[in-house]
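*Asks:* Here is a sequence with its predicted model. Questions after.
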Amino acid sequence: MKTPVDLIPHIRRDTNFIAELYPAFWVMDDHRWAFLAWEKSASSLNKNARYSLIHADYHYDGCNDFESETEITSLLTISDLDKLEAIVRSNSRIRKDSFIAPAVIRELLNSLHFYCLQGDTEPGIDESLLSRFNCTQHLHSSIEKLIAANVSSPLIFDLCLDLFNKSDQWEEGDLWQDHEILEFLEKASLYIERADIVTVSFSFGYSGTTDDTKRLAALVLPIMLGYRGIANT
């Protein structure tokens, strides 16, 4: 019988790839699928809960593609997960840099915690959107400050592997040293362990060469699964 760790080598480069390796532990290529993963897991855990989100990523992904009142109203009235999946699959309103905003609009999230290294855009999400949907945001300049924040539960821990790539060039890898990655994961382990939902995006192209991304996944995923008590047994 295949275990979650056995599935890691089969992870592929495909913008429509998403898999639940273990209940509420999701992996994907294109980060937009995190929105659907959150909705699916939340629907089975507690439909009425509002979550804190830790977003650890090179990019803030703070865009909002639901700009008109009609679009917002339409998003709020959807209760069918298949319809939400169709929107994500269309890659039109929920994209790799605009998947957090719809979760704010649908009031799935009430607190955002960003640990991001991007410096060429405004950090976080537009404050007017957050105010309208009663959500706060917190920008953390280091993993130590994120740990000190004592983020409230219920919790979603969201990681993009391009956090570990220092290059800003497409398909180019300048990866953190392994010991730096392991140190980050160890420091973040208290959140990884207690998160209700975990999502990991590979972001092929942004996280280096294809081989770079596969190597990062092979390094990171077993450790994260291990923190959640999921072993290759």
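*Replies:* Structure received.

*Asks:* alpha carbons only for contacts and neighbour counts from here, please
*Replies:* OK.

*Asks:* What's the end-to-end length of stretch 48-66?
*Replies:* Stretch 48-66 stretches 22 Å from its first residue to its last (CA to CA, to the nearest Å).

*Asks:* pLDDT weak spots in this protein?
*Replies:* Residues of the chain meeting the criterion pLDDT under 70: 1-10, 231-233.

*Asks:* Show me where it has its helices.
*Replies:* Taking DSSP state H, the helices of the chain run over residues 4-7, 33-45, 69-77, 81-90, 100-105, 127-132, 143-148, 178-194, 210-227.

*Asks:* tell me the contacts of the residue nearest the centre of the chain?
*Replies:* Closest residue to the average C-alpha location of the chain: Asp158 at 3.1 Å, with CA atoms, centre = their mean. Asp158 is in contact with Ala34, Leu53, Ile54, His55, Ala56, Val198, Thr199, Val200, counting by CA atoms under 8 Å, 6 or more residues apart in numbering.

*Asks:* Tell me the one of those nearest Ser98?
*Replies:* Closest approach to Ser98 among the contacts of Asp158 (CA to CA): Ala34, at 10.5 Å.

*Asks:* burial measure for the closest one, as a count.
*Replies:* Residues near Ala34, counting by other CA atoms under 10 Å, number 26.

*Asks:* show me the contacts for it.
*Replies:* Ala34 neighbours (CA under 8 Å, 6+ apart): Trp26, Met28, Phe99, Asp158, Thr199, Val200, Ser201.

*Asks:* so the second one makes contact with Ala19?
*Replies:* What it means is Met28. Yes: taking contacts as CA atoms under 8 Å, Met28 lies within contact range of Ala19: 6.4 Å.

*Asks:* Settle it for me: which of these two has more neighbours?
*Replies:* Using other CA under 10 Å, the more surrounded residue of Met28 and Ala19 is Met28, with 26 against 15.

*Asks:* and the more buried one, what does it touch?
*Replies:* Thr15, Asn16, Phe17, Ile18, Ala19, Ala34, Thr199, Val200, Ser201, Phe202.
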